[in-house]
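[1] Model the structure of this input:
(one chain, ligands or ions: 1)
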Amino acid sequence: MTRPFPLVLSAPSGGGKTTVARALLARRDDVGYSVSCTTRPPRAGEVDGEAYHFLTTEAFEAEIAAGGFAEFAQVHGRWYGTRAAELRRVMAGGRHVILDIDVQGAEQIAAAFPDAVLVFLLPPSGETLLARLTGRNTDDRAAILRRMRNALEELRHVTRYHYVVVNDDLEQTIRRVGAILDAEVVRHARHEALDDRLAGLMSDLEQRLRAFAHS
Ligand code: 5GP
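    Purely as a prediction, here's the structure:
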């Protein structure tokens, strides 16, 4: 009954958004995931087409020129982008689409899809964020520094998001983002054919009222 919409999840690196997105996908059948494209190299264990579509810079830039991206941005010195066709594929299947993207991408999605829902996950403290970044063991010192600086910059954009969830308890965060989805799904503006449904319900009620009044 509800038109599918994009749900943007942003957070500084190490903020837990990938974990939250995966949990929502595992628990709900009304959401799908948009696999992004990137020019960064795969981390250990990342499979092409699952975590990301890993592209060369040439291929990525050719796709920008061809207008293939719904949004794209440079993050940590690499290209990242969401294919418009990927969004269409998920939403055409009747599912809301989760995008795990940065603040620049979020702004582009908000402009292109005014019905998109923007959620920012805040780390509970700087200490927690640093611990998560250094604990990941997949990035060198320079990369961690870059991600910390980027986190500071991203925090300046938090007020553009509709919802801000402090991610100090993973299970609670997953429940809260799920609750945001549940509430957004029933917004009256998202209901498809609400006028027809209301008209049908009202004429049904009127008939019953007349029949009841004469009984
Ligand atoms: P990572 O390299 O750690 O997977 O992601 C780095 C950052 O890029 C994260 O903030 C992530 O949300 C963001 N990102 C991932 N995919 C996209 C995308 O398609 N578009 C944009 N704008 N950012 C993305």
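[2] and residue 190, how many neighbours?
    The burial count assigned to residue 190 is 16, neighbours taken as other Cβ atoms under 10 Å. C-beta coordinates here come from the backbone N, C-alpha and C atoms, glycine included.
[3] Now do the buried residues in the helix or strand hosting residue 63.
    Counting by DSSP states H and E, the element that carries residue 63 is helix 57-65. For helix 57-65, burial by neighbour count (16 or more other Cβ atoms under 10 Å) applies to 60, 63.
[4] Name the residues of the following helix or strand past that helix that are buried.
    Toward the C-terminal end, the helix or strand that comes next after helix 57-65 (DSSP H and E) is strand 69-75. By neighbour count, and taking 16+ other Cβ under 10 Å as the criterion, the buried residues in strand 69-75 are 69, 70, 71, 72, 73, 75.
[5] Which secondary structure elements does the worst-scoring helix or strand of the chain on mean pLDDT sit against?
    Here the helix or strand of the chain ranked lowest by mean pLDDT, DSSP states H and E is helix 126-135, holding a mean of 87. Helix 126-135 sits against helix 141-155, with contacts defined as 3 or more Cβ pairs under 8 Å, 6 or more residues apart in numbering; DSSP states H and E.
[6] Now the helix it packs on: buried residues?
    Of the residues in helix 141-155, those scored as buried under the neighbour-count criterion (16+ other Cβ under 10 Å) are 143, 144, 146, 147, 148, 150, 151, 154.
[7] how much space between the closest residue to the second one other than its chain neighbours and residue 8?
    Excluding the flanking residues, the one nearest residue 144 by Cβ to Cβ, 6 or more residues apart in numbering is residue 133, at 5.1 Å. Distance of residue 133 to residue 8, given as Cβ to Cβ, to the nearest Å: 22 Å.
[8] Thank you kindly, that will do.
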